[in-house]
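Participant: what's the 3D shape of this:
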Amino acid sequence: MPITDPRALLTDLFNAAVASAQPALCIPPHLPDAPKGRLVVIGAGKASAAMAKAVEDHWPGELSGLVVTRYGYAVPCERVEIVEAAHPVPDAAGMIAAKRIQKLVAGLSADDTVLCLISGGGSALLALPLDGITLDDKQAVNRALLKSGATISEMNCVRRHLSAIKGGRLAAACAPARVVTLLISDVPGDNPMDIASGPTVADPTTCADALAIVQRYGIDLPPAVREALESGRGESVKPGDPRLARVETRMIATPQMALEAAADVARKAGIPVHILGDSLEGEARDVGSVMAGIALQVARRGQPFTAPCVLLSGGETTVTVRGTGRGGRNVEFLLALGIALNGQPGVHAIAGDTDGVDGLEEIAGAYLAPDSLVRAWKLAIKPKDSLANNDGHGFFEALGDSLITGPTLTNVNDFRAILVLSA
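Facilitator: Next up, the predicted model:
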């Protein structure tokens, strides 16, 4: 079947990935049985408000609770209070909400159940520093980590050891109540301790691990933060801790599920699909160059796949910020991809964050066409200069090729699709 509108097809794939992870679809099959006592709903993340609404819509009995989500991501609920806070750098609203959640679960009985709704973004939204560490300290460390090029797993290891609520501490505070955590994964590998820094799961990593990461990336620590790590005062809750004996964790939406949903759409359009991986990491520009090499081999040699086909991938790349532009990891990937493809005919691509926000911009990502570089040059924009300045959003916005979704109310990490139409 000939593809007459590559951009529309790629946009359909992205939308299918996002739709597959909507809480209204994912939550109902995983709700726990009604407890003898209370059901208390808590949570944090970009999808947490939509998750809470799905719980309310499908829970026949009494419930109460509080979840914290990103500004602009609130969904009206009747029985669960929704609080909005800042992401990716935490603010006072998130800290106050975290304190309230911690207080909400204190003093529960063994007959009670805590339903914890966790999705990507929870690390910043559920911000409760250890005693002696200020919110300013955590903000400074967070900003440094975001610019360092550290992986999400490395960043969350550091965050867990500076928190009074992450790294299993929230689940420990719920004991002896039963805790059922429903997770929407936004991290490569779907490791529960890396989703929102694991507030309800045990953490085998240590303060020494966190210090090693800080040293690896040359991050300057505020004195109180360094003291908490060097003294071991920031140690998290470890596997085998009896306070976590009644904790259950259920993964309800993942990047792989989103890729498979997109693949189904492509196949229905008559295009073969190849999923290259759901957890690709590394510098965004490096991943873009490698993906371009694969796409060029398909287009020019018919290897390892024949055209037409779609190459799908997910995961979370990193960006080491060197410039002063408006960037995000998806547009950085896409700009590097375009430079390496150098206008190869018949190759189109889309890349976006499934939460609708790439970097600090309210822009999910962008679309790349074979003529993107030519159109940029006509506007006196030099693609390599834009990449050097980490200005992916500026580049694609000037071309009218930004992908803008608004709040998607979910988050299963990055989505990338490359359409190779002809060899």
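Participant: For the rest of this, base every contact and every neighbour count on C-alpha atoms.
Facilitator: Will do.
Participant: and this protein, what are its domains?
Facilitator: 6-18+256-420, 31-253 (automatic domain parsing).
Participant: Run the chain-centre distance for the longest one.
Facilitator: In this case it means domain 31-253. Taking CA atoms, centre = their mean, to the nearest Å, one finds the center of domain 31-253 at 14 Å from the center of the full chain.
Participant: Same question for the first one.
Facilitator: For domain 6-18+256-420, the distance between its averaged C-alpha position and the chain's averaged C-alpha position is 16 Å (CA atoms, centre = their mean).
Participant: From start to finish, how long is that domain in a straight line?
Facilitator: 10 Å (CA to CA, to the nearest Å).
Participant: just stretch 264-272 next, same as before
Facilitator: Length of stretch 264-272, first residue to last, CA to CA: 10 Å.
Participant: what comes up buried for it?
Facilitator: 264-266, 271-272 (16 or more other CA atoms under 10 Å).
Participant: what does stretch 302-310 give?
Facilitator: 305-310.
Participant: and those as JSON lines, adding pLDDT, distance to residue 111 and secondary structure?
Facilitator: Formatted as JSON lines, the buried residues of stretch 302-310 follow (pLDDT from 0 to 100; distance: CA to CA, whole Å; DSSP: H, G, I helix; E, B strand; the rest coil):
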{"residue": "305", "pLDDT": "97", "distance to residue 111": "56", "secondary structure": "coil"}
{"residue": "306", "pLDDT": "96", "distance to residue 111": "58", "secondary structure": "coil"}
{"residue": "307", "pLDDT": "96", "distance to residue 111": "58", "secondary structure": "coil"}
{"residue": "308", "pLDDT": "97", "distance to residue 111": "57", "secondary structure": "coil"}
{"residue": "309", "pLDDT": "97", "distance to residue 111": "54", "secondary structure": "strand"}
{"residue": "310", "pLDDT": "98", "distance to residue 111": "51", "secondary structure": "strand"}
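Participant: and which of the residues you listed is nearest to residue 173?
Facilitator: Taking CA to CA as the measure, residue 173 sits nearest to residue 310 out of these, at 46.7 Å.
Participant: Tell me which other helices or strands the helix ranked longest in the chain touches.
Facilitator: Determined from DSSP state H, the single longest helix within the chain is helix 284-301. Counting contacts by 3 or more CA pairs under 8 Å, 6 or more residues apart in numbering; DSSP states H and E, helix 284-301 packs against helix 329-341, strand 414-420.
Participant: phi, psi of residue 117?
Facilitator: Per-residue torsions, residue 117: phi -110, psi 110 (degrees, to the nearest 10).
Participant: Roughly how far does residue 20 sit from residue 412?
Facilitator: Relative to residue 412, and taking CA to CA, residue 20 is found at 10 Å.
Participant: Overlap in contacts, the two.
Facilitator: 253, 258 (CA atoms under 8 Å, 6 or more residues apart in numbering).
Participant: Pull the contacting residues for the nearest residue to residue 247 once chain neighbours are set aside.
Facilitator: Spatial nearest neighbour of residue 247, chain neighbours left out: residue 179 (4.7 Å); criterion: CA to CA, 6 or more residues apart in numbering. Counting by CA under 8 Å, 6+ apart, residue 179 touches 113-116, 171, 246-248.
Participant: From those, pick the one nearest residue 380.
Facilitator: Looking across the contacts of residue 179 and measuring by CA to CA, the closest to residue 380 is residue 116, at 50.8 Å.
Participant: wait, isn't residue 13 in contact with residue 267?
Facilitator: No - applying CA atoms under 8 Å as the test, residue 13 and residue 267 come out as separate, 10.5 Å apart.
Participant: on that earlier part again, dump the longest helix of the chain to CSV, restricted to CA.
Facilitator: Extracted C-alpha coordinates of helix 284-301, given in CSV (Å, rounded to 0.1, in the frame of the first residue of the first chain):
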residue,chain,number,x,y,z
ALA,A,284,20.7,11.5,22.3
ARG,A,285,22.9,12.8,19.4
ASP,A,286,24.9,9.5,19.4
VAL,A,287,21.7,7.4,19.3
GLY,A,288,20.5,9.6,16.4
SER,A,289,23.7,9.0,14.4
VAL,A,290,23.5,5.3,15.0
MET,A,291,19.9,5.1,14.0
ALA,A,292,20.7,7.1,10.8
GLY,A,293,23.3,4.5,10.0
ILE,A,294,20.7,1.7,10.3
ALA,A,295,18.1,3.6,8.2
LEU,A,296,20.7,4.3,5.5
GLN,A,297,21.6,0.6,5.3
VAL,A,298,18.0,-0.3,4.9
ALA,A,299,17.4,2.4,2.2
ARG,A,300,20.6,1.8,0.3
ARG,A,301,21.3,-1.9,0.8
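Participant: hmm, back to that, same list, the helices and strands packed on helix 284-301, but as CSV with distance to residue 149 please.
Facilitator: Converted to CSV, the helices and strands packed on helix 284-301 look like this (distance: least, CA to CA, whole Å):
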stretch, distance to residue 149
helix 329-341, 11
strand 414-420, 16
